[in-house]
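In: I would like to see how this sequence folds:
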Amino acid sequence: MGEKASCLLRLRGDGRQIPMAMRSVSLTKPGVRIRCIQAVNRDAAGNPANYAIRQRGYS
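Out: Residues are numbered from 1 along each chain as shown. Presented below is the predicted three-dimensional model:
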């Protein structure tokens, strides 16, 4: 044990686009890759300002 466990708890849309199902979620060296069932807008998906990350600790 000794290692910290992590998980992806929630993805929330902005209400301007129809939510879509995820095909897969995988870890990469620089971060996380999320593949969706439908195509997404590359400019919006590639813009870090469109994402927020929160970290919570649980005992």
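
In: so where do the helices sit in this protein?
Out: 42-45 (DSSP state H).

In: quick one: low-confidence ranges for it?
Out: Scanning the chain for pLDDT under 70 picks out 1-10, 13, 17-19, 57-59.

In: Residue 32 contacts residue 26, correct?
Out: Yes - between residue 32 and residue 26 there is a contact at 7.3 Å, judged by Cβ atoms under 8 Å. All C-beta atoms are positioned from the backbone trio N, CA, C, and that covers glycine.

In: list the residues that contact both of those two?
Out: Applying Cβ atoms under 8 Å, 6 or more residues apart in numbering, one finds that no residue jointly contacts residue 32 and residue 26.

In: who touches residue 33 in this structure?
Out: 24-27.

In: Quick check: bridge partners of it?
Out: Beta-bridge partners for residue 33, by DSSP bridges, are residue 26.

In: And for the closest residue to residue 38 other than its chain neighbours, the neighbour number?
Out: Spatial nearest neighbour of residue 38, chain neighbours left out: residue 20 (4.7 Å); criterion: Cβ to Cβ, 6 or more residues apart in numbering. Here the number of neighbours of residue 20 (other Cβ atoms under 10 Å) works out to 12.

In: Good, wrapping up.
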